[in-house]
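> model the following, please.
(chains A and B)
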Amino acid sequence: NAGVTQTPKFQVLKTGQSMTLQCAQDMNHNSMYWYRQDPGMGLRLIYYSASEGTTDKGEVPNGYNVSRLNKREFSLRLESAAPSQTSVYFCASKLQGGGNQPQHFGDGTRLSIL
Amino acid sequence: AQKITQTQPGMFVQEKEAVTLDCTYDTSDPSYGLFWYKQPSSGEMIFLIYQGSYDQQNATEGRYSLNFQKARKSANLVISASQLGDSAMYFCAMREGSFKTIFGAGTRLFVKA
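Reported below is the predicted structural model:
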């Protein structure tokens, strides 16, 4: 019963390098999300995917791209990493829109950009 | 503009006492939902409680209750009989429409023995 799995758990990049964070869920959820967590700022929504085949920008999409590969997988790509993107990244999924369904979160990816 | 505001960066509470964590929100959507999550030092996000904008009664889940004041746009979390294991970050979140969910900056709760 894995839930939401994020890989890798830790990564160090140099400025300008590219990187894809992977996220997969096995709960047959329709909606998936990417957040970044920074001290004092809580979780900020980067992108979300309401359902397979759709993606939408959140609060802080600049510098990121996403791909909803299939119903299970939602990846986040940094094309040219910058030190300001040093953060903890969380992937989440949710059964469906609306209602009282909570999001289920992965364990996070701690990303450092030098 | 910030849509979820948690004004208490840190709170202290004595073990076995009750504590209220504040959350105010702003939305023009008549249909929305409010969630509270707990993040222990281990980092995982744990769902605690939910309140829908059309719910007539305040939500309760065990020792957690949500003081929902719609006119004031507030959704405060009340933890009764605090335990040492309640020490964590607490996040208020709002679902706007069907899919988009945004979070507040969080409140760090310290429970003293």
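> in three-state terms, label residue B:7 for me.
coil (DSSP: H, G, I helix; E, B strand; the rest coil).
> contact partners for residue A:10?
Neighbouring residues of residue A:10 by Cβ atoms under 8 Å, 6 or more residues apart in numbering or on different chains: A:109-111. Bear in mind the C-beta positions are built from the backbone N, C-alpha and C, glycine included.
> stretch B:33-40 near chain A anywhere?
Yes. Stretch B:33-40 lies within reach of chain A by Cβ under 8 Å from any Cβ of the partner chain, at B:33, B:35, B:37.
> of the contacts of residue A:10, just say which sits nearest to chain B.
The closest of these to chain B turns out to be residue A:110 (Cβ to the nearest Cβ; 8.9 Å).
> give me phi/psi at the closest one?
Backbone dihedrals for residue A:110, given as degrees, to the nearest 10, come out at phi -90, psi 110.
> so it makes contact with residue A:6?
No. The criterion here is Cβ atoms under 8 Å, and residue A:110 misses it with residue A:6 at 10.3 Å.
> of the two, which one has the most company?
Set residue A:110 next to residue A:6 and count neighbours by other Cβ atoms under 10 Å in any protein chain shown: residue A:6 wins out with 21 against 16.
> wait, what's in contact with the more buried one?
Residue A:6 makes contacts with A:21-23, A:89-91, A:106-109, as judged by Cβ under 8 Å, 6+ apart.
> give me the pLDDT value at the residue in chain A sticking out farthest from the centre.
In chain A, counting by Cα atoms, centre = their mean, residue A:99 sits farthest out from the average C-alpha position, at 22.1 Å. Looking at residue A:99, its pLDDT is 76.
> isn't it right next to residue B:35, touching?
No. Using Cβ under 8 Å, residue A:99 is not in contact with residue B:35; the gap is 11.5 Å.
> so what's the gap between stretch A:12-23 and the chain middle?
Mean-position distance between stretch A:12-23 and its chain equals 13 Å (Cα atoms, centre = their mean, to the nearest Å).
> list the contacts of the most centrally placed residue in chain A.
With distances taken as Cα atoms, centre = their mean, the residue of chain A nearest its centroid is residue A:34 (2.7 Å). For residue A:34, the contact set (Cβ under 8 Å, 6+ apart) comprises A:21, A:23, A:45-48, A:58, A:64, A:66, A:74, A:76, A:89-92.
> so which of the residues you listed belong to strands?
Among those, the ones falling in strands (DSSP state E) are A:21, A:23, A:45-48, A:64, A:66, A:74, A:76, A:89-92.
> can you narrow the contacts of residue A:34 down to the ones near chain B?
Restricting those to those adjacent to chain B (criterion: Cβ under 8 Å from any Cβ) gives A:45, A:48, A:58, A:90, A:92.
> ok, now how distant is the fourth one from residue B:53?
Right, residue A:90. 25 Å (Cβ to Cβ, to the nearest Å).
> swap in the third one?
Here the criterion is Cβ to Cβ. By it, residue A:58 lies 21 Å from residue B:53.
> same question, the last one
Look at residue A:92 and residue B:53: by Cβ to Cβ, they are 21 Å apart.
> which of those two has more neighbours?
Here residue A:92 and residue B:53 are compared on neighbour count by other Cβ under 10 Å; more neighbours surround residue A:92, at 25 against 17.
> quick check: the more buried one touching residue A:106?
Yes. With contacts counted by Cβ under 8 Å, residue A:92 reaches residue A:106, the gap being 7.2 Å.
> residue A:108: what's it in contact with?
Counting by Cβ under 8 Å, 6+ apart, the residues that residue A:108 touches are A:6, A:9, A:37, A:88-90, B:43.
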